[in-house]
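> with the sequence up front, the predicted model follows.
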2 protein chains.
Amino acid sequence: METADTDGPMQPALLREARRQDVPEIVALLADDAIGAGREGPADDAYYAAFELIATDQRNLVLVAEAGGRIVGTLQLTIIPGLSRHGMLRGQIEGVRVSSDQRGQGLGRAMIERAIEVARGHGCGLVQLTSDKRRPDAVRFYQSLGFTASHEGLKRSLG
Amino acid sequence: METADTDGPMQPALLREARRQDVPEIVALLADDAIGAGREGPADDAYYAAFELIATDQRNLVLVAEAGGRIVGTLQLTIIPGLSRHGMLRGQIEGVRVSSDQRGQGLGRAMIERAIEVARGHGCGLVQLTSDKRRPDAVRFYQSLGFTASHEGLKRSLG
(Lines give C-alpha, C1' and ligand atoms only; values in the text may rest on other atoms or scores of the structure.)
Protein backbone atom coordinates (compact mmCIF):
# COMPACT_ATOMS: atom_id res chain seq x y z
CA MET A 1 0.00 0.00 0.00
CA GLU A 2 1.31 3.46 -0.90
CA THR A 3 1.02 6.32 1.54
CA ALA A 4 1.61 10.00 0.95
CA ASP A 5 5.14 10.92 1.93
CA THR A 6 4.78 14.44 3.26
CA ASP A 7 8.27 15.23 4.48
CA GLY A 8 10.64 12.87 2.71
CA PRO A 9 13.63 14.06 0.70
CA MET A 10 11.72 13.88 -2.59
CA GLN A 11 9.06 16.34 -1.42
CA PRO A 12 9.39 19.42 -3.64
CA ALA A 13 10.38 22.53 -1.75
CA LEU A 14 7.71 25.13 -1.12
CA LEU A 15 8.67 28.51 -2.59
CA ARG A 16 7.19 31.42 -0.67
CA GLU A 17 7.83 34.97 0.44
CA ALA A 18 10.17 35.20 3.46
CA ARG A 19 8.79 36.02 6.90
CA ARG A 20 10.58 37.83 9.69
CA GLN A 21 11.07 34.61 11.64
CA ASP A 22 13.01 33.16 8.69
CA VAL A 23 15.82 35.72 9.08
CA PRO A 24 18.20 33.53 11.17
CA GLU A 25 17.93 30.63 8.72
CA ILE A 26 18.39 32.96 5.74
CA VAL A 27 21.52 34.45 7.33
CA ALA A 28 22.84 30.94 7.99
CA LEU A 29 22.38 30.19 4.27
CA LEU A 30 24.16 33.40 3.26
CA ALA A 31 27.10 32.29 5.41
CA ASP A 32 27.00 28.71 4.05
CA ASP A 33 29.26 29.60 1.14
CA ALA A 34 33.02 29.85 0.65
CA ILE A 35 32.82 33.53 -0.35
CA GLY A 36 30.02 34.55 2.02
CA ALA A 37 31.37 32.79 5.12
CA GLY A 38 33.72 35.57 6.13
CA ARG A 39 31.24 38.39 5.86
CA GLU A 40 27.92 37.08 7.19
CA GLY A 41 26.22 36.35 10.50
CA PRO A 42 25.17 36.05 13.20
CA ALA A 43 21.57 37.27 12.71
CA ASP A 44 21.80 40.55 14.57
CA ASP A 45 19.59 43.67 14.50
CA ALA A 46 21.18 44.89 11.25
CA TYR A 47 19.69 41.92 9.38
CA TYR A 48 16.25 42.45 10.93
CA ALA A 49 16.34 46.15 10.06
CA ALA A 50 17.21 45.26 6.46
CA PHE A 51 14.39 42.72 6.40
CA GLU A 52 11.94 45.46 7.43
CA LEU A 53 13.14 47.71 4.59
CA ILE A 54 12.57 44.89 2.11
CA ALA A 55 9.22 43.79 3.56
CA THR A 56 7.82 47.33 3.37
CA ASP A 57 9.07 48.04 -0.16
CA GLN A 58 6.69 47.01 -2.94
CA ARG A 59 9.65 46.60 -5.34
CA ASN A 60 11.67 44.21 -3.17
CA LEU A 61 10.95 40.61 -2.25
CA VAL A 62 12.90 37.85 -0.50
CA LEU A 63 11.90 34.41 -1.68
CA VAL A 64 12.68 31.30 0.36
CA ALA A 65 12.47 27.58 -0.35
CA GLU A 66 11.15 25.54 2.55
CA ALA A 67 11.53 21.76 2.74
CA GLY A 68 11.20 19.41 5.70
CA GLY A 69 10.37 22.34 7.97
CA ARG A 70 13.55 24.27 7.25
CA ILE A 71 14.72 27.00 4.87
CA VAL A 72 16.91 25.44 2.17
CA GLY A 73 17.14 28.26 -0.36
CA THR A 74 16.82 32.01 -0.69
CA LEU A 75 17.08 34.82 -3.20
CA GLN A 76 16.08 38.46 -3.43
CA LEU A 77 14.21 40.06 -6.32
CA THR A 78 14.22 43.84 -6.87
CA ILE A 79 11.98 45.50 -9.46
CA ILE A 80 13.82 48.50 -10.93
CA PRO A 81 11.96 51.16 -12.89
CA GLY A 82 14.07 52.95 -15.49
CA LEU A 83 13.89 55.21 -18.51
CA SER A 84 16.06 53.05 -20.81
CA ARG A 85 14.41 50.89 -23.48
CA HIS A 86 11.10 52.76 -23.46
CA GLY A 87 10.78 52.78 -19.71
CA MET A 88 11.34 49.06 -19.34
CA LEU A 89 11.16 47.55 -15.85
CA ARG A 90 14.02 45.25 -14.86
CA GLY A 91 13.93 42.42 -12.38
CA GLN A 92 17.19 42.05 -10.52
CA ILE A 93 18.14 38.93 -8.61
CA GLU A 94 20.63 39.08 -5.71
CA GLY A 95 21.70 36.88 -2.82
CA VAL A 96 20.96 33.49 -4.36
CA ARG A 97 21.80 30.61 -2.02
CA VAL A 98 20.87 26.93 -1.89
CA SER A 99 21.73 24.86 1.18
CA SER A 100 24.89 22.85 0.50
CA ASP A 101 23.07 19.58 1.25
CA GLN A 102 20.33 20.37 -1.32
CA ARG A 103 22.42 21.30 -4.34
CA GLY A 104 22.21 19.48 -7.66
CA GLN A 105 18.50 18.70 -7.31
CA GLY A 106 17.06 21.50 -9.41
CA LEU A 107 16.14 23.74 -6.48
CA GLY A 108 18.21 26.70 -7.68
CA ARG A 109 16.63 26.39 -11.10
CA ALA A 110 13.13 26.32 -9.61
CA MET A 111 13.90 29.38 -7.49
CA ILE A 112 15.26 31.41 -10.45
CA GLU A 113 12.28 30.37 -12.58
CA ARG A 114 9.92 31.50 -9.85
CA ALA A 115 11.74 34.84 -9.58
CA ILE A 116 11.44 35.27 -13.36
CA GLU A 117 7.73 34.49 -13.15
CA VAL A 118 7.28 37.13 -10.43
CA ALA A 119 9.30 39.64 -12.50
CA ARG A 120 7.08 38.94 -15.53
CA GLY A 121 4.03 39.48 -13.33
CA HIS A 122 5.39 42.94 -12.52
CA GLY A 123 5.78 43.65 -16.25
CA CYS A 124 9.59 43.36 -16.41
CA GLY A 125 11.14 43.11 -19.87
CA LEU A 126 14.46 41.78 -18.61
CA VAL A 127 15.95 40.02 -15.61
CA GLN A 128 19.55 40.57 -14.59
CA LEU A 129 22.02 39.49 -11.96
CA THR A 130 25.73 39.49 -11.36
CA SER A 131 27.72 36.41 -10.45
CA ASP A 132 31.17 36.39 -8.85
CA LYS A 133 33.82 35.29 -11.38
CA ARG A 134 35.29 33.06 -8.64
CA ARG A 135 32.20 30.83 -9.06
CA PRO A 136 32.44 29.69 -12.72
CA ASP A 137 29.90 26.91 -12.09
CA ALA A 138 27.35 29.53 -11.07
CA VAL A 139 27.95 31.51 -14.28
CA ARG A 140 27.37 28.32 -16.33
CA PHE A 141 24.24 27.60 -14.30
CA TYR A 142 22.75 30.99 -15.18
CA GLN A 143 23.74 30.58 -18.83
CA SER A 144 21.85 27.27 -18.85
CA LEU A 145 18.80 29.24 -17.70
CA GLY A 146 18.96 31.57 -20.70
CA PHE A 147 21.09 34.35 -19.24
CA THR A 148 23.84 35.89 -21.40
CA ALA A 149 27.10 37.09 -19.82
CA SER A 150 27.05 40.24 -21.97
CA HIS A 151 28.24 42.65 -19.28
CA GLU A 152 31.03 43.18 -16.81
CA GLY A 153 29.75 43.42 -13.24
CA LEU A 154 31.70 46.18 -11.49
CA LYS A 155 31.62 46.89 -7.75
CA ARG A 156 33.22 49.51 -5.56
CA SER A 157 33.19 49.24 -1.81
CA LEU A 158 32.40 52.41 0.12
CA GLY A 159 33.68 50.90 3.38
CA MET B 1 38.84 93.58 -18.49
CA GLU B 2 37.62 90.12 -17.53
CA THR B 3 33.93 89.34 -17.45
CA ALA B 4 32.24 86.31 -15.98
CA ASP B 5 31.56 83.78 -18.70
CA THR B 6 28.29 82.20 -17.66
CA ASP B 7 27.55 79.88 -20.58
CA GLY B 8 30.83 79.19 -22.29
CA PRO B 9 32.23 75.71 -22.85
CA MET B 10 34.38 75.79 -19.70
CA GLN B 11 31.39 76.40 -17.42
CA PRO B 12 31.11 73.34 -15.16
CA ALA B 13 27.91 71.42 -15.69
CA LEU B 14 25.23 71.66 -13.02
CA LEU B 15 24.36 68.23 -11.59
CA ARG B 16 20.78 68.04 -10.38
CA GLU B 17 17.79 65.73 -10.04
CA ALA B 18 15.88 65.28 -13.31
CA ARG B 19 12.52 66.97 -13.81
CA ARG B 20 9.62 65.75 -15.95
CA GLN B 21 10.34 68.33 -18.62
CA ASP B 22 13.86 66.87 -19.05
CA VAL B 23 12.47 63.56 -20.34
CA PRO B 24 12.79 64.30 -24.10
CA GLU B 25 16.41 65.40 -23.72
CA ILE B 26 17.23 62.39 -21.53
CA VAL B 27 15.71 60.05 -24.12
CA ALA B 28 17.74 61.77 -26.85
CA LEU B 29 20.88 61.08 -24.79
CA LEU B 30 19.92 57.43 -24.29
CA ALA B 31 19.63 57.14 -28.08
CA ASP B 32 22.93 59.01 -28.69
CA ASP B 33 24.94 55.80 -28.46
CA ALA B 34 25.87 53.04 -30.89
CA ILE B 35 24.22 50.36 -28.74
CA GLY B 36 21.26 52.42 -27.53
CA ALA B 37 20.35 53.94 -30.90
CA GLY B 38 18.27 51.00 -32.10
CA ARG B 39 16.19 50.63 -28.97
CA GLU B 40 15.37 54.14 -27.74
CA GLY B 41 13.04 57.01 -28.54
CA PRO B 42 11.02 58.97 -29.37
CA ALA B 43 9.93 60.28 -25.94
CA ASP B 44 6.49 58.72 -25.80
CA ASP B 45 4.10 58.05 -22.90
CA ALA B 46 6.07 54.96 -21.83
CA TYR B 47 9.05 57.13 -20.90
CA TYR B 48 6.88 59.59 -18.97
CA ALA B 49 5.18 56.75 -17.10
CA ALA B 50 8.60 55.36 -16.16
CA PHE B 51 9.71 58.80 -15.04
CA GLU B 52 6.70 58.96 -12.71
CA LEU B 53 7.60 55.60 -11.16
CA ILE B 54 11.13 56.84 -10.51
CA ALA B 55 10.11 60.29 -9.24
CA THR B 56 7.70 58.78 -6.71
CA ASP B 57 10.12 56.11 -5.44
CA GLN B 58 12.37 57.22 -2.59
CA ARG B 59 14.99 54.64 -3.65
CA ASN B 60 15.30 55.77 -7.27
CA LEU B 61 16.79 58.96 -8.67
CA VAL B 62 17.65 60.21 -12.14
CA LEU B 63 20.53 62.65 -12.12
CA VAL B 64 21.16 65.01 -15.04
CA ALA B 65 24.04 67.30 -15.98
CA GLU B 66 22.91 70.63 -17.39
CA ALA B 67 25.27 72.97 -19.28
CA GLY B 68 24.52 75.88 -21.56
CA GLY B 69 20.80 75.39 -21.02
CA ARG B 70 20.71 71.79 -22.22
CA ILE B 71 20.97 68.32 -20.71
CA VAL B 72 24.40 66.87 -21.49
CA GLY B 73 24.52 63.87 -19.18
CA THR B 74 22.29 61.47 -17.27
CA LEU B 75 22.40 58.45 -14.99
CA GLN B 76 20.06 56.62 -12.68
CA LEU B 77 20.80 55.61 -9.10
CA THR B 78 18.80 52.91 -7.30
CA ILE B 79 19.22 52.23 -3.59
CA ILE B 80 18.74 48.50 -2.97
CA PRO B 81 18.13 47.16 0.53
CA GLY B 82 19.34 43.59 1.05
CA LEU B 83 20.10 41.03 3.72
CA SER B 84 23.62 40.15 2.51
CA ARG B 85 26.66 41.58 4.32
CA HIS B 86 24.80 42.48 7.52
CA GLY B 87 21.93 44.15 5.74
CA MET B 88 24.15 46.38 3.64
CA LEU B 89 22.48 48.87 1.29
CA ARG B 90 23.78 48.95 -2.27
CA GLY B 91 23.74 51.85 -4.69
CA GLN B 92 23.24 50.73 -8.25
CA ILE B 93 24.01 52.94 -11.23
CA GLU B 94 22.25 52.40 -14.57
CA GLY B 95 21.73 54.30 -17.81
CA VAL B 96 24.89 56.39 -17.79
CA ARG B 97 25.16 58.67 -20.82
CA VAL B 98 27.24 61.73 -21.65
CA SER B 99 26.46 63.75 -24.77
CA SER B 100 28.87 62.78 -27.56
CA ASP B 101 30.05 66.41 -27.91
CA GLN B 102 30.90 66.62 -24.18
CA ARG B 103 32.98 63.47 -23.74
CA GLY B 104 36.56 63.48 -22.51
CA GLN B 105 36.10 66.51 -20.25
CA GLY B 106 35.55 64.76 -16.92
CA LEU B 107 31.77 65.05 -16.93
CA GLY B 108 31.17 61.30 -16.65
CA ARG B 109 33.61 61.15 -13.74
CA ALA B 110 31.84 64.05 -11.98
CA MET B 111 28.46 62.36 -12.48
CA ILE B 112 29.63 59.00 -11.08
CA GLU B 113 31.29 60.73 -8.14
CA ARG B 114 28.06 62.60 -7.40
CA ALA B 115 26.09 59.34 -7.58
CA ILE B 116 28.55 57.75 -5.15
CA GLU B 117 28.17 60.72 -2.81
CA VAL B 118 24.37 60.36 -2.90
CA ALA B 119 24.70 56.60 -2.29
CA ARG B 120 26.97 57.27 0.71
CA GLY B 121 24.38 59.74 2.00
CA HIS B 122 21.81 56.91 1.94
CA GLY B 123 24.21 54.73 3.93
CA CYS B 124 25.27 52.42 1.10
CA GLY B 125 28.30 50.20 1.71
CA LEU B 126 28.88 49.46 -1.95
CA VAL B 127 28.07 50.84 -5.38
CA GLN B 128 27.66 48.59 -8.38
CA LEU B 129 26.89 48.75 -12.06
CA THR B 130 27.18 46.62 -15.16
CA SER B 131 28.87 47.74 -18.35
CA ASP B 132 28.39 46.18 -21.78
CA LYS B 133 31.48 44.19 -22.82
CA ARG B 134 31.17 45.79 -26.27
CA ARG B 135 32.31 49.08 -24.65
CA PRO B 136 35.80 48.20 -23.28
CA ASP B 137 36.62 51.92 -22.85
CA ALA B 138 33.67 52.24 -20.47
CA VAL B 139 34.91 49.29 -18.41
CA ARG B 140 38.35 50.91 -18.10
CA PHE B 141 36.70 54.22 -17.19
CA TYR B 142 34.88 52.60 -14.26
CA GLN B 143 38.06 50.78 -13.20
CA SER B 144 39.81 54.17 -13.09
CA LEU B 145 37.08 55.27 -10.67
CA GLY B 146 37.86 52.44 -8.24
CA PHE B 147 35.41 49.83 -9.50
CA THR B 148 36.57 46.21 -9.76
CA ALA B 149 35.28 43.96 -12.54
CA SER B 150 34.84 41.07 -10.12
CA HIS B 151 31.53 39.79 -11.48
CA GLU B 152 29.91 38.63 -14.68
CA GLY B 153 26.85 40.70 -15.55
CA LEU B 154 24.18 38.33 -16.84
CA LYS B 155 20.94 39.40 -18.52
CA ARG B 156 17.94 37.53 -19.85
CA SER B 157 15.33 39.22 -21.99
CA LEU B 158 11.71 38.40 -21.16
CA GLY B 159 10.49 39.89 -24.46
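Great, that's in hand.
> hmm, stretch A:41-50 touching chain B?
Yes - residues of stretch A:41-50 contacting chain B under Cβ under 8 Å from any Cβ of the partner chain: A:Asp44, A:Ala46, A:Tyr47, A:Tyr48, A:Ala49, A:Ala50. All C-beta spots, glycine's among them, are computed from the backbone N, C-alpha and C.
> list the buried residues for that stretch?
A:Gly41, A:Ala43, A:Tyr47, A:Ala50 (16 or more other Cβ atoms under 10 Å in any protein chain shown).
> look up how far A:Gly41 lies from the last one.
A:Ala50 sits at a distance of 13 Å from A:Gly41 (criterion: Cβ to Cβ, to the nearest Å).
> do A:Arg135 as well
Between A:Arg135 and A:Gly41 the computed distance is 20 Å (Cβ to Cβ).
> state the distance from A:Arg135 to chain B.
Note on A:Arg135: its distance to chain B, by Cβ to the nearest Cβ, to the nearest Å, is 9 Å.
> ok, how many other residues are close to that residue?
Neighbours of A:Arg135 under the rule other Cβ atoms under 10 Å in any protein chain shown: 15.
> residue contacts, it?
By Cβ atoms under 8 Å, 6 or more residues apart in numbering or on different chains, the residues touching A:Arg135 are A:Ile35.
> if we use 6 Å, what do you get?
Contact criterion Cβ atoms under 6 Å, 6 or more residues apart in numbering or on different chains gives no residues in contact with A:Arg135.
> can you pull the pLDDT of A:Val96?
In this model, A:Val96 is scored at 96, pLDDT.
> tell me what angle the host helix or strand of it forms with strand B:89-98.
In this assignment (DSSP states H and E), A:Val96 forms part of strand A:89-98. For strand A:89-98 against strand B:89-98, the angle by axes from the mean of the first three to the mean of the last three Cα atoms, to 10 degrees is 140 degrees.
> which residues sit against strand A:89-98?
A:29-30, A:73-81, A:107-108, A:115, A:119, A:123-124, A:126-129, B:82, B:84.
> can you report phi and psi for the residue nearest the centre of chain A?
Closest residue to the average C-alpha location of chain A: A:Leu75 at 1.3 Å, with Cα atoms, centre = their mean. The phi/psi pair for A:Leu75 (degrees, to the nearest 10) reads phi -160, psi 160.
> now do the helices in chain A.
Counting by DSSP state H, chain A has these helices, from start to end: A:23-31, A:45-55, A:84-87, A:107-121, A:136-144.
> check which helices and strands the shortest one sits against.
In other words, helix A:84-87. With contacts taken as 3 or more Cβ pairs under 6 Å, 6 or more residues apart in numbering or on different chains; DSSP states H and E, helix A:84-87 sits against helix B:45-55.
> for the helix it packs on, the distance to its chain's centre please.
How far helix B:45-55 lies from its chain's middle: 16 Å, per Cα atoms, centre = their mean, to the nearest Å.
> packing partners of that helix?
helix A:84-87, helix B:23-31.
> got a pLDDT number for the closest residue to A:Ala119 other than its chain neighbours?
In space, and not counting its chain neighbours, A:Ala119 is closest to A:Gly91: 2.9 Å by Cβ to Cβ, 6 or more residues apart in numbering or on different chains. pLDDT, A:Gly91: 98.
> show me what A:Gly91 is bridged to.
A:Gly91 has these beta-bridge partners by DSSP bridges: A:Ile79, A:Val127.
> look up how far A:Pro81 lies from it.
Distance, A:Gly91 to A:Pro81, using Cβ to Cβ: 11 Å.
> between these two, who's got more neighbours?
Neighbour totals were compared for A:Gly91 and A:Pro81, and A:Gly91 leads with 27 against 23 (other Cβ under 10 Å).
> distance check, that one against B:Ala43.
Per Cβ to Cβ, A:Gly91 is found 24 Å from B:Ala43.
> same check on A:Ser144?
Distance from A:Ser144 to B:Ala43, by Cβ to Cβ: 38 Å.
> any weak-confidence spans in chain A?
Low-confidence regions of chain A, defined here as pLDDT under 70, cover residues A:1-11.
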